[in-house]
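[1] Kindly generate the corresponding structure for this input.
(2 chains)
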Amino acid sequence: MGEIRCLNETGDTKLAWDPDKSEETDAAKEMFKSLKKKGYQAYSVKKGGEKNKPIDDFDPDAGLIIMVPKIVGG
Amino acid sequence: MATCDSSAWSYWTTTCDSGTATSSTAAWSNWTISYQSSTTTADTIVWKKWAGASPNTTYADEASTTYYWQEWTGEVETLKETREQRRAREAQTEIDRIESQRKIDEFNEAKKNAELTAQELLKDLISDDEMEVYLKTGRVLVKGKKHDYLLVKGWQVDVVKLEKGKVIDLKTYKGKVKGESYCVHPVDQQKLPETDKVIAMKIALESEEKSIMKRANARGQREFDLAVGM
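    Below you'll find the predicted structure:
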C-alpha cells in the first residue's frame, strides 16, 4: 500500500492506494501531479529519516509520500 | 455709527447687554443662558438645549427636537425607541454575539484538530521517545548529512544548526547547546498547524539539507538548556 499525505491547514489530507489497483494508483498520481503544479515538494519518506529523498515523479512503490509546501528563506 | 442694537458683535459677546440690546437680540446671553433670568424666552435658551441640560427642567418648548446635543450624540435615537424596538435591537445584538462566538469556537476547534492530526503524522515519523520529548518541549532533533538541527515548535519553527554529533538524543542530553538559528519555513506557513511546520522542516532537512540551507537566512546564535522541560 502507498499513501500520500499533503500538509495543509487541516493537518494533512490523505490518499492511499494499492499499487496493484490501477484506478487507485491513477487517482494518487493525479493528486501528486496536481500538488506539484501548485508548488508542493514531494518527499519519499521512511521512518528514521535516513532514506528520505525528494521526488519529482510519482512512484507507485514509494510507500509514504509527504507533500510539503515549498520551503523558503525568511 | 452702529447702535448697540445693530452691532452684531456686541450682541454676540453681550457687551451690550446691559445697555441697549433687547433681550431677544442678545445672542451670546441667549447662547450661554446667563440672560435667561430676565427677559429671554424659553425658546431662545440655545445653550441649555444644546447641552441637554433642560430635560430635567420645565421649559415650555422642550420638544425632543430641540435637544441639539442629545440628537447630535445619538441619545435621542435611543430615547425615541419604543420598548418593542429596544427588545428587538437587544435580541439582535445577542444573536450577533452568539453567532460570532460560534464562529470563533468553530475556528479554534478546527485549529486544535489540525494540530492533533499533524501530531499523529509526526508520531509515524519519529520514535516513541522522540515523540515524548516533542510533546513535553516542542523540540525535535534532526540528523542531516553535514549538520544536526534542533527544531523548536512555534508560530515559525526555529531551525537551529548544531555541530554534528554533539547531541545524540534529546531525552538523555542534559547540558546546554548552542547553535546558529535560521529563518527557513514552508511558504504560507500561517495556514499550517505548528507541528506540520516541524514535519516539513524535518523531512526537507533530512532529504535535501544542502539545498534547503542555501535558502535559509542566519539570524544569530541561540542557546538552549535541553534539560529544561524534561
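
[2] so how far is residue B:156 from residue A:45?
    Between residue A:45 and residue B:156 the distance is 23 Å, computed by C-beta to C-beta, to the nearest Å. Quick note: C-beta positions are derived from backbone N, CA and C, even for glycine.

[3] When the two are compared, which one has more neighbours?
    residue A:45 (27 against 16; other C-beta atoms under 10 Å in any protein chain shown).

[4] what sits opposite that one in the beta ladder?
    residue A:64 (DSSP bridges).

[5] hang on, residue B:182 in a strand?
    Yes: judged by DSSP: H, G, I helix; E, B strand; the rest coil, residue B:182 forms part of a strand.

[6] Can you report how many residues neighbour it?
    Neighbour number of residue B:182 under other C-beta under 10 Å is 22.

[7] That one pairs with what?
    Bridge pairing for residue B:182 - DSSP bridges - gives residue B:159, residue B:218.

[8] Name the secondary structure element that contains residue A:47.
    Counting by DSSP states H and E, no helix or strand carries residue A:47.

[9] Quick check: chain neighbours aside, which residue is closest to it?
    Distances taken as C-beta to C-beta, 6 or more residues apart in numbering or on different chains put residue B:125 closest to residue A:47, at 6.1 Å, once the chain neighbours are dropped.

[10] again, but for residue B:123
    In space, residue B:123 is closest to residue B:131, 5.2 Å off (C-beta to C-beta, 6+ apart).

[11] Do you know the pLDDT at that neighbour?
    The pLDDT attached to residue B:131 in the predicted structure is 95.

[12] quick one: secondary structure of it?
    On the basis of three-state DSSP, residue B:131 is classed as helix.

[13] gap between the most centrally placed residue in chain A and residue B:89?
    For chain A, the residue nearest the mean C-alpha position is residue A:65 (3.3 Å; C-alpha atoms, centre = their mean). Residue A:65 is 56 Å from residue B:89, where distance means C-beta to C-beta.

[14] With just CA atoms, put stretch B:180-195 into CSV.
    Extracted in CSV, the C-alpha atoms of stretch B:180-195 (Å, rounded to 0.1, in the frame of the first residue of the first chain):
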residue,chain,number,x,y,z
GLU,B,180,23.1,29.3,14.7
SER,B,181,19.4,30.0,14.3
TYR,B,182,18.0,30.1,10.8
CYS,B,183,14.9,31.6,9.3
VAL,B,184,13.5,29.0,6.8
HIS,B,185,10.0,27.7,6.6
PRO,B,186,7.2,26.4,4.4
VAL,B,187,5.6,29.1,2.3
ASP,B,188,2.2,30.3,3.7
GLN,B,189,3.2,28.9,7.0
GLN,B,190,0.5,30.8,8.8
LYS,B,191,-2.0,28.3,7.3
LEU,B,192,-0.3,25.2,8.8
PRO,B,193,-0.6,23.8,12.3
GLU,B,194,2.7,24.2,14.2
THR,B,195,3.6,20.5,14.1
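
[15] and the residue nearest to residue B:123, how many neighbours does it have?
    16.

[16] Help me confirm that it comes into contact with residue B:121.
    No: applying C-beta atoms under 8 Å, one finds residue B:131 not in contact with residue B:121, separated by 11.2 Å.

[17] Of all the residues in chain B, which one is nearest chain A?
    residue B:117 (2.5 Å; C-beta to the nearest C-beta).
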